[in-house]
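In: how would this look folded up:
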Amino acid sequence: QGATEFLPISSDGHLVLIPAVFGLAQPDLVLIGLVHAGTLLAIISYFWRDLIAIARAVLSGLARRDPFGAADARLGYFMVLGSIPAAIVGLLAMDFFEEQFGSPTVAAVGLLVTAAFLIVGERLNRGTKTLDRLTWLDTLIIGSFQVLALLPGVSRSGTTIAAGLGRGLDRPTAARFSFLVGLPAIAGAGLLAILDIFSAQGSLPLGHYAAAFVAAAVVGYLCIAFLLNWVKRHTLYPFAVYCAVVGLLYLLLA
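Out: Predicted structure coming up:
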C-alpha cells in the first residue's frame, strides 16, 4: 500500500491482483483502515509545509477580501476544484465502481491503460509550465482524469501526471501537483477506511496491525520522495513498462 499508493502503478490494481494470483484472503477492515491511515500520514508528513502555507494564504486572502491574490491561495482552491469531478462521479456510480473490484481482469486491463497514459504523457512532454502559471482549466482537466482512477488498475498519480504533462507542465511540477490535487481524495479514502475500524472486529494480533501501519507510512513517505526526485532526471517509461508487463502477464496466465 505504501509503495503503490504513490508510485504510478495503481494501489487498487495490486490489491485486487495480488490476492487473486496467490490465493490470499482479503485483509480485514481493520488492516485496510490502518494501511490507509499510514499512507495518509505519509503524504501529510511530506507536504506539511505546503499545506500550512496554503492554509495561511487562503485565510489571509479571505481576510483581505482578495481570495485569489496569492499563488498559494490559488493552489489551495485548485486542490479542491480538481477533486470535484471524481467526487461527483464516484458518488453517482459508487455501486458500479465497487463491482469492478471483484474482477482481476478489469484490474489487469486497468494497468495496461495506466501504461498507455504514461507513454502518451511522456510523448506530450514539452512543457515548462510551473505551478504559478496553472489555470482553472488545467486543474479541471487534470482533476477529471482522477475519475478514471476509480477503476482498479488505473493509477491516480499516473493519469494525473500524464494529464499535467499534456497541459504543458514540466515533469516535476506535474508530479508535485498530482500529489497535491490527489490529497483530498487520499484523505477522504483514508478517513473512510479509518472509520471502518470502529465497526470491524480485528482478527490479527495487535503487533501485526502496528507493523502494517508503520510499513505503509514509512514506505509511503519514501516513495513520495523517490518519485519527486526521480522525475527531475528520468522519464516515466519504467513505470509504464512495469504496468504493461504485470497486466499482460496476468491476462496471459489467467
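In: all contacts plus neighbour counts: C-alpha atoms, from now on.
Out: Fine.
In: Quick check: the residue sitting furthest away from the middle of the chain vs Ala57, distance?
Out: Distance to the chain centre peaks in the chain at Arg64, reaching 33.6 Å (criterion: C-alpha atoms, centre = their mean). Arg64 sits 10 Å away from Ala57, going by C-alpha to C-alpha, to the nearest Å.
In: and if you look at Leu118?
Out: Leu118 is 33 Å from Ala57, by C-alpha to C-alpha.
In: and the two? which has more neighbours close in?
Out: Leu118 (31 against 22; other C-alpha atoms under 10 Å).
In: Can you give me the buried ones in the helix or strand where the more buried one lies?
Out: In this structure, Leu118 sits in helix 104-123 according to DSSP states H and E. For helix 104-123, the neighbour count (16 or more other C-alpha atoms under 10 Å) marks 104-122 as buried.
In: ok, now stretch 37-47?
Out: Here stretch 37-47 shows Ala37, Gly38, Thr39, Leu40, Leu41, Ala42, Ile43, Ile44, Phe47 as buried, counting by 16+ other C-alpha under 10 Å.
In: These in helices, which ones?
Out: Members of the buried residues of stretch 37-47 lying in helices (criterion: DSSP state H): Ala37, Gly38, Thr39, Leu40, Leu41, Ala42, Ile43, Ile44.
In: how about TSV for those, with pLDDT added?
Out: TSV is the format used below for those (pLDDT from 0 to 100):
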residue	pLDDT
Ala37	88
Gly38	92
Thr39	91
Leu40	91
Leu41	93
Ala42	95
Ile43	94
Ile44	94
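In: would you list every one of the helices in the stretch 1-150 of the chain?
Out: 2-6, 11-22, 29-46, 48-63, 71-92, 94-100, 104-123, 136-144 (DSSP state H, counting those that start in this stretch).
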